[in-house]
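Visitor: 3D model of this:
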Amino acid sequence: MHRVGDLCFRSIRSTGRSSTVFVLVHGIGMSHRYLARLHAALSEQGTVISVDLPGFGGLPKPAGDAAIGEMADALGNVLDRLGVGAAVLIGQSMGTQWVVELAARRPDLARAVVLIGPVADERRRTVMQQAGLLALDTVGEPPGANALVLGDYLRCGPLWYLTQLRHMLDYPIEERIASVDAPVLILRGGRDPIASRTWCRRLRSSAARGTMLIEVPGRVHNVQHTAPGAVASAIRHFCAAADLRRRENGAA
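Guide: Numbers count the residues shown, from 1 in each chain. Now for the predicted structure:
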């Protein structure tokens, strides 16, 4: 466990053969458990660190609030302690907000940024709208994925969930992504009702540079759980292309 002030983090690390480091950040209410399949798939490519954020995954809840900026700063502190340099920062759902903010504040930690099912669509930023989209997504998820989500929601509890939900709905990711200098991959399930194609295209157009949008057909919001191989493959190819562009630009 890693403590930054009254914020407690947990990290799960798998050391791979290459120098690439992938950092996985879960979404609201969740933990590393629903990222485990992607963690395993990416460990074939490099070192993977899955992080549980304060108040989630059974970790202690802070005495006060923890806004997205504060959480991102503390996460950066944890990665410094772990000796992580420039890494591929991967967030899912609300995790996309935390990694965007981290990349904007700490460009030294962002080799690339991957946003899986980014939230929240600027046209749907009310509690009722998000609840409706979540219910629709639940219908499309397999029972195993829904069981993981429910279990982690229960461990999180309603008070901390609602505290973070307010931040999720207020965060202007479509503006903050323009401050990210690293290449950005936006990835969604082809039937994801939460991160729609129109919304993801909006984020792609708002990003500073090197942005790609990839869809995994037939999947919904938790595509990293239901299609980990396809997601890992997309990330691998994206990082290879970004590294090639970086070398070409360096040579020019």
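
Visitor: Report the mean confidence score over stretch 28-43.
Guide: Stretch 28-43 carries an average pLDDT of 97.

Visitor: again with stretch 97-117
Guide: On average, stretch 97-117 scores 97.

Visitor: Alpha carbons only: can I get it in CSV?
Guide: Taking C-alpha atoms only, stretch 97-117 is exported to CSV below (Å, rounded to 0.1, in the frame of the first residue of the first chain):
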residue,chain,number,x,y,z
GLN,A,97,-10.1,11.4,-16.6
TRP,A,98,-7.5,10.6,-14.0
VAL,A,99,-4.9,9.6,-16.6
VAL,A,100,-5.6,12.6,-18.8
GLU,A,101,-5.2,14.9,-15.9
LEU,A,102,-2.0,13.1,-14.8
ALA,A,103,-0.6,13.4,-18.4
ALA,A,104,-1.4,17.1,-18.5
ARG,A,105,0.2,17.8,-15.2
ARG,A,106,3.1,15.4,-15.5
PRO,A,107,4.1,15.0,-19.1
ASP,A,108,7.3,13.3,-18.0
LEU,A,109,5.2,10.3,-16.9
ALA,A,110,3.3,10.0,-20.2
ARG,A,111,4.9,8.1,-23.1
ALA,A,112,1.5,7.6,-24.5
VAL,A,113,-2.1,7.8,-23.2
VAL,A,114,-4.9,5.2,-23.8
LEU,A,115,-8.5,6.0,-23.1
ILE,A,116,-10.8,3.0,-23.0
GLY,A,117,-14.5,4.0,-22.9
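
Visitor: where do the helices sit along the protein?
Guide: 36-42, 68-81, 95-105, 127-140, 143-156, 158-170, 173-176, 197-206, 223-226, 228-251 (DSSP state H).

Visitor: how about those helices, which one is nearest G189?
Guide: Closest of the helices of the chain to G189 is helix 223-226, at 3.9 Å (criterion: CB to CB). All C-beta spots, glycine's among them, are computed from the backbone N, C-alpha and C.

Visitor: Buried residues, that closest one. List them.
Guide: 223-226 (16 or more other CB atoms under 10 Å).

Visitor: ok so, going back, dump the helices of the chain to CSV, plus distance to F9.
Guide: Listed next are the helices of the chain as CSV, based on distance: least, CB to CB, whole Å:
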stretch, distance to F9
helix 36-42, 16
helix 68-81, 5
helix 95-105, 12
helix 127-140, 25
helix 143-156, 15
helix 158-170, 15
helix 173-176, 22
helix 197-206, 26
helix 223-226, 20
helix 228-251, 23
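
Visitor: Quick check: the closest residue in space to Q97 that isn't next to it in sequence vs D80, distance?
Guide: The shortest distance from Q97 to any residue other than its chain neighbours is 4.9 Å, reached at Y171 (CB to CB, 6 or more residues apart in numbering). With distances taken as CB to CB, to the nearest Å, Y171 is found 23 Å from D80.

Visitor: More neighbours: which of the two?
Guide: Neighbour totals were compared for Y171 and D80, and Y171 leads with 22 against 13 (other CB atoms under 10 Å).

Visitor: List the contacts of the more buried one.
Guide: Y171 is in contact with 68, 97, 101, 120, counting by CB atoms under 8 Å, 6 or more residues apart in numbering.
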